[in-house]
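A.B. asks: What follows is a predicted protein model with its sequence.
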Amino acid sequence: MSLSTGNSKIEKVTVEDIKSMKQSGEKIAALTAYDYLMARILDSCKIDLILVGDSAGNVIAGYGTTLPVSVEEMLYHTRAVHNGVKRALLILDMPFLSYQCGTDDAVRNAGLFLKAGAEGVKLEGGRQVAEIVERLVGFGIPVMGHLGLTPQSINVFGNYKVRGKKSDEQKRILEDAKILEQAGVFAMVLEKVPEQLAGEITKSVSVPTIGIGAGRFCDGQILVSHDILGINEDFRPKFLRKYANLAEEMRKAFGSFIKDVKGGNYPSEKESYTAS
Ligand code: KIV
């Protein structure tokens, strides 16, 4: 049985395909991957875009925030994911301090991610990263923006609550979206903002908006794969829909293995080798 639901006409998703999906009205489906096997399964389902998110810091390494994630760690994840992807557009999330120190640094690091297999990069922020976006795009490095809740700024905000509830913040986020569009992003993530604001941004910019906790009116949606699979059990924000409870399934499987080993039921004769 195949559960593949993506656009099967596209053999290899490109930045241009993602952009044209806004015009055609086809919703963009995006998920995260940090390793080879997850990437291979996702790709076989014809997902449009795979993000090697810096959420790897939370999900894979167990860091409290995304701030400790390094360029080296993201290069490792990029290579692993790249090995599993044939069709989806592969975007790499630039970790904290890999682009904030200036455009030269940003170009060098983004270049390393492209050499590792990424086909574009995502970075957080609006007007403060516009020059960096322009420079990267100028050197042939596609950039996806990220506005609203920007987890790398956690120390400024002090929480992961919804952004853009007040009109001055809404105005700023909308302006930032237009600035990023001007700077040349091919798409932008809108994280945890009211759906009316996400809808207004979606109507105001020519590039696709990809929401996470941003409601119904974006051009696409992105979630963290481990969250929708129910592996990250304690994470239950309102916007999240869980499509499986793999933590429970894993516990059942691990428990059965332990029981079989302890009871002398694993391995059986069939699972053992003989000399002949
Ligand atoms: O790091 C991440 O996973 C993200 C999200 C947009 C899902 O930035």
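C.D. replies: Structure received. Note that the structure is a prediction, hence the values are computed from the model and not measured. Numbering: from 1, shown residues only.
A.B. asks: can we go C-alpha only for contacts and neighbour counts from here?
C.D. replies: Fine.
A.B. asks: where along the stretch 151-276 of the chain do the strands fall?
C.D. replies: Using DSSP state E, counting those that start in this stretch, the strands of the stretch 151-276 of the chain run over 187-191, 209-212, 220-223.
A.B. asks: List phi and psi for the residue nearest the centre of the chain.
C.D. replies: Central residue of the chain (C-alpha atoms, centre = their mean): residue 51, 3.5 Å from the mean position. Main-chain torsions, residue 51, degrees, to the nearest 10: phi -110, psi 120.
A.B. asks: Specify the beta-bridge partners of it.
C.D. replies: Residue 51 has these beta-bridge partners by DSSP bridges: residue 32, residue 91.
A.B. asks: Contact partners for it?
C.D. replies: 30, 31, 32, 33, 90, 91, 92, 93 (C-alpha atoms under 8 Å, 6 or more residues apart in numbering).
A.B. asks: What is the nearest of those to residue 262?
C.D. replies: Distance to residue 262 across those (C-alpha to C-alpha) is lowest for residue 33, with 34.6 Å.
A.B. asks: what's near enough to touch the closest one?
C.D. replies: 39, 50, 51, 52, 53, 81, 224, 225.
A.B. asks: Could you list the alpha-carbon positions for the helix or strand where the first one lies in PDB?
C.D. replies: Going back to what we said before, that points to residue 39. Assigned by DSSP states H and E, residue 39 falls within helix 36-44. The C-alpha trace of helix 36-44 is given here as PDB (Å, rounded to 0.1, in the frame of the first residue of the first chain):
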ATOM      1  CA  TYR A  36      19.300   9.200   6.600                       C
ATOM      2  CA  LEU A  37      16.400   6.800   7.300                       C
ATOM      3  CA  MET A  38      13.800   9.400   8.300                       C
ATOM      4  CA  ALA A  39      14.800  11.400   5.100                       C
ATOM      5  CA  ARG A  40      14.500   8.300   2.900                       C
ATOM      6  CA  ILE A  41      11.000   7.500   4.300                       C
ATOM      7  CA  LEU A  42       9.800  11.100   4.000                       C
ATOM      8  CA  ASP A  43      11.200  11.400   0.400                       C
ATOM      9  CA  SER A  44       9.400   8.200  -0.600                       C
END
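A.B. asks: how about it against the ligand, any contact?
C.D. replies: No - contact of helix 36-44 with the ligand is not found when judged by C-alpha under 6 Å from any ligand atom; the minimum separation is 13.8 Å.
A.B. asks: And that helix, what's buried?
C.D. replies: Judged by neighbour count using 16 or more other C-alpha atoms under 10 Å, the buried positions of helix 36-44 are 36, 38, 39, 40, 42, 43, 44.
A.B. asks: I'd like those laid out as TSV, including pLDDT and distance to residue 231.
C.D. replies: TSV is the format used below for the buried residues of helix 36-44 (pLDDT from 0 to 100; distance: C-alpha to C-alpha, whole Å):
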residue	pLDDT	distance to residue 231
36	98	17
38	98	13
39	98	16
40	98	18
42	98	16
43	98	20
44	98	20
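A.B. asks: measure residue 77 to the ligand for me?
C.D. replies: Taking C-alpha to the nearest ligand atom, to the nearest Å as the measure, residue 77 falls 12 Å from the ligand.
A.B. asks: circling back to that earlier point, and the contacts of residue 51 as a markdown table, adding distance to residue 276 and pLDDT?
C.D. replies: A markdown table is the format used below for the contacts of residue 51 (distance: C-alpha to C-alpha, whole Å; pLDDT from 0 to 100):
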| residue | distance to residue 276 | pLDDT |
| --- | --- | --- |
| 30 | 50 | 98 |
| 31 | 48 | 99 |
| 32 | 46 | 98 |
| 33 | 43 | 98 |
| 90 | 48 | 99 |
| 91 | 50 | 99 |
| 92 | 50 | 98 |
| 93 | 52 | 98 |
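A.B. asks: Is it possible to get these out as TSV so that each row also shows distance to residue 172?
C.D. replies: Listed next are the contacts of residue 51 as TSV, based on distance: C-alpha to C-alpha, whole Å:
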residue	distance to residue 172
30	26
31	27
32	28
33	31
90	29
91	26
92	26
93	23
